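1. Any chance you can model this:
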Amino acid sequence: MNYSTLKKTVGLSLVSLMAVAMVNAQTTTTTTTTDSTKMSSAATTAKVFGGAGQYSTWSLGANVGVTSPFLAIGGANTTSNWKAELGYGLSLRDKLAHSFSLQLDFHGGKVAGDNTDAPGKNGLSSFETTFYSGTLSGLINVASVDFLHRANSVNFYLSAGAGLVYYTPTWFFPDGTPGYAYDHNVKELVLPAGGSIKFKLSDALALNVGYTMNFIDGYNFSGADIWDRHDHYSYGYAGLEYTFGTKSKPNLDWVNPVAMMYDELYDAELRAEVAALKTRVGNVETAVNDLKKDSDGDGVADQFDKCPNTPAGTVVDGSGCPIVFPKPDTVKMAGAATASPYTNIQFEFDSSVLKTSSYPVLDATSADLRAGSGTVTLAGYASSEGTAAHNMRLSRDRANSVKTYLVNSGVDAKRLKIKAYGETHPIADNSTEEGRIKNRRVEFHR
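-> Numbering: from 1, shown residues only. Sure, this is the predicted structure:
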């Protein structure tokens, strides 16, 4: 193929394809800018962390370009000049994530070079090698996240992989006669590495422009059979890539995960759920405030206050009713006998409310404590009905009821200690009701 004709043909094709891609990308960007709050109906079906199944991920590509025995990064070459030759390829790609794909490539073509600027270099005047290769590469999409545009229209990729190349080299002596490499038909390991740019033509179709450097684990790709260096060649190409799938699934190449997260946060259904949750939380807060409401300020919530509208400063019991403190010298027990201080205080079943019959003992105990010194331990007990944990709490509440009464009658709170024993240490048989009544008590320990 004539070098000048090839250059013009490939160059014109590349310019035409890139022009079409840039016009389409500009149209996509303009459309996106004018409607930045909406995505396509296909894209809106995809959810963050929804898995690869919600996208179109398989694509098939075809490309054509120019080969060269030289690399963009430099290095030793068998010939002084390179000759432009035709290369072509097919690719099959699976997009595993927004940023990573696996691609299977098949390439073929011819690589050629000559020693126009260095006649006789390495004992040859020129070479041309026909090759076919199959490789598997990993592609990293370095533009999968775009903070400037809602939808991607141009993506940049880096790739590297490994495979096999099958080639037939032919070289020519300075006098123009052909020769062959040491091995005429060769199969060797090849390591491709390069980069590419994809331009969005539509959601399914893209223009792919790229460059690949191929490193061969051999010495005679250029026909010279030089053992002090490994051979290599490069391939610059342009082509089209088509992604298979239905309209209901967006092409993973062009999905911007940042835009997906933004849209999911502002999804109408999600916002409705958040609003409903706020309403439920508000209802709970209202219910809690109602439980805490104490209109008369006696320390007992309205829902449990059996004596509402108690005057301010009134001492009340656990049900919100006023506690009447009878005078010690007028209270008599069973036949006009004065109550003895420090007698056990009895309670009803599962209750910590003081019985009025206990007031004389409490008043006598209060009088004795106010007249003397030292501390007293209020030991609370319960019968064996219910769980041990419940009975422990109940016995503590009973001791606290006695303490509240004594403090309200003038005893210094620091002189009263609380000790809960629950259903332990019974003083009567818990298997009979008579015994259980005696066990529901508070004792005074000095």
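
2. Thr404: neighbouring residues, count only.
-> Neighbour count of Thr404, defined by other CB atoms under 10 Å: 18. For glycine as for every other residue, the C-beta is placed from the backbone atoms N, C-alpha and C.

3. and it, what helix or strand is that in?
-> Using DSSP states H and E, the element containing Thr404 is helix 388-408.

4. Show the subsequent helix or strand relative to that helix.
-> Of the helices and strands lying after helix 388-408 in sequence (DSSP H and E), the nearest is strand 416-420.

5. Show me which positions of that following strand end up buried.
-> Leu416, Ile418, Ala420 (16 or more other CB atoms under 10 Å).

6. Listing partners with orientation, what would you give for that strand?
-> If you go by DSSP bridges, strand 416-420 pairs up with strand 376-380 (parallel).

7. by how many degrees do the strand it pairs with and helix 388-408 diverge?
-> Between the axes of strand 376-380 and helix 388-408, defined by axes from the mean of the first three to the mean of the last three CA atoms, to 10 degrees, the angle is 140 degrees.

8. which residues are in contact with strand 376-380?
-> 369, 394-400, 402-403, 415-421, 441-446 (CB atoms under 8 Å, 6 or more residues apart in numbering).

9. Could I get the contacting residues of Leu252?
-> Going by CB under 8 Å, 6+ apart, the list of residues near Leu252 reads Ala52, Tyr55, Ser56, Thr57, Lys95, Ala97, His98.

10. quick one: which of those residues is nearest to Phe244?
-> Closest approach between these and Phe244, by CB to CB: Ser56, at 6.4 Å.

11. Quick check: closest non-adjacent residue to that closest one.
-> Closest residue to Ser56 apart from its sequence neighbours, by CB to CB, 6 or more residues apart in numbering: Gly245 at 2.6 Å.

12. try Asp203
-> Spatial nearest neighbour of Asp203, excluding adjacent residues (CB to CB, 6+ apart): Asn251 at 5.0 Å.

13. For the one you found, give the beta-bridge partners.
-> The partner list for Asn251 in beta bridges (DSSP bridges) reads Ser56.

14. isn't it right next to Tyr242, touching?
-> No - taking contacts as CB atoms under 8 Å, Asn251 lies outside contact range of Tyr242: 10.0 Å.

15. Contact partners for the residue nearest to Arg393 when sequence neighbours are not counted?
-> Distance criterion CB to CB, 6+ apart; nearest residue to Arg393, sequence neighbours excluded, is Ala420 at 7.7 Å. Residues counted as contacts of Ala420 (CB under 8 Å, 6+ apart) are Ala379, Gly380, Met392, Arg393, Ser395, Arg396, Ala399.

16. so who does the last one touch?
-> With contacts defined as CB under 8 Å, 6+ apart, the neighbours of Ala399 are Leu378, Ala379, Gly380, Ile418, Lys419, Ala420, Val442.

17. What distance do you get for the residue nearest to Asp203 to Phe199?
-> According to CB to CB, to the nearest Å, Asn251 and Phe199 sit 13 Å apart.
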